[in-house]
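Novice: kindly generate the corresponding structure for this input.
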Amino acid sequence: MIENLVNDLQQKFGESKISLVEGVKQDTIIVSEDILTELCLYLRDSPSYYFDFLANISAVDYHPENRFALVYNLASLPYQTQMTIRVELTVENRTAENLPEIPSVASVWRTADWHEREAFDLMGIYFTGHPDLRRILLPDDWEGFPLRKDYEDAESYHGIPIKGE
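Specialist: Here you go, the predicted structure:
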């Protein structure tokens, strides 16, 4: 099934925008970030696939390569199928102010709202077009992104020691 899906997506979006990585338990489709939202709408609305459920979005930090990835786990409840999409992002100047950007899919699946906010809060990935992109787990004035591999723990927060000895 996955080969047919990949062929269909390559015909619709272009061979250079879609590739397949075969996995042990599940294959992954690598997608170019510029077609992400349109591709997700197609996967959700197509009667052939109907991926109506976004189960999870995971952010991955490939430090020191200045590369991030977002992994989208999709499911079609009526067809009882699952798939994984991965989008890779490169950041030229890796700083806390220079956030990697990717289009939001919150307009496609409402559950993306919370998943994207978590990836923003903990990994510092900016989702363009997100309806309410703000921290979800940490305080608004927290500095840095704790799940990045280059994150250094602060000594204190508002005068309260937070680093163990």
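
Novice: which residues in the chain form helices?
Specialist: 2-13, 36-45, 112-123 (DSSP state H).

Novice: what about the strands in this structure?
Specialist: Remark: strands assigned in the chain by DSSP state E are 18-21, 28-31, 53-61, 67-76, 81-90, 101-103, 126-128, 156-157, 160-161.

Novice: any idea how far the residue nearest the centre of the chain is from Glu88?
Specialist: Nearest to the geometric centre of the chain sits Leu70, at 3.0 Å (CA atoms, centre = their mean). Remark: distance between Leu70 and Glu88 (CB to CB, to the nearest Å) = 8 Å. All C-beta spots, glycine's among them, are computed from the backbone N, C-alpha and C.

Novice: do the same with Ser104
Specialist: From Ser104 to Glu88 the distance is 17 Å (CB to CB).

Novice: more neighbours, those two?
Specialist: A count of neighbours by other CB atoms under 10 Å puts Ser104 above the other of Ser104 and Glu88, at 19 against 16.

Novice: contact partners for that one?
Specialist: By CB atoms under 8 Å, 6 or more residues apart in numbering, Ser104 lies in contact with 37, 112, 116, 127-131, 133.

Novice: now swap in Phe145 and tell me
Specialist: Residues in contact with Phe145, defined by CB under 8 Å, 6+ apart, are 96, 121-124, 151.
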